[in-house]
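Asker: heads up, no residue letters with this:
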């Protein structure tokens, strides 16, 4: 996990929310350690001025999976990088595709996301995901 630029380690949920809010860019995301579950991580993504958090954990030894909205087929990945690549696309069971990684050293600099089309995916209702 440590080799990923967007892995922030044991920062708090509120610190992750601050970092993502500083970007002001829907689709900005980071990964942090879970505060409540050992050996579990959280993917935090900004969408519509709200940070959505999804658990990321290992299953069956070395496979990774992310928590998604109910009814979305479970997908397993050999590497976290592969999971992130899959979740860069819309309709993966999360509120917003993972578009702009927030690197650990990035929060010291002014955030300048890459230019992308301003296409918003269909949002998942807020009552299904913690916000």
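Answerer: Okay, I see it. Note that the structure is predicted; figures quoted are calculated from it, not measured.
Asker: specify the local secondary structure of the closest residue to residue 51 other than its chain neighbours.
Answerer: Using Cβ to Cβ, 6 or more residues apart in numbering and skipping residues adjacent in sequence, the residue nearest residue 51 is residue 17, 4.6 Å away. Every C-beta, even on glycine, is put in place using the N, C-alpha and C of the backbone. Taken by DSSP: H, G, I helix; E, B strand; the rest coil, the conformation at residue 17 corresponds to helix.
Asker: isn't residue 17 up against residue 49?
Answerer: No - when contacts are counted by Cβ atoms under 8 Å, residue 17 is not listed as touching residue 49 (10.5 Å).
Asker: out of the two, which sits in the more crowded spot?
Answerer: More crowded of residue 17 and residue 49, by other Cβ atoms under 10 Å: residue 17, with 16 against 10.
Asker: ok, now how distant is the more buried one from residue 44?
Answerer: In this view, residue 17 and residue 44 are 7 Å apart by Cβ to Cβ, to the nearest Å.
Asker: between the two, which contacts overlap?
Answerer: residue 51 (Cβ atoms under 8 Å, 6 or more residues apart in numbering).
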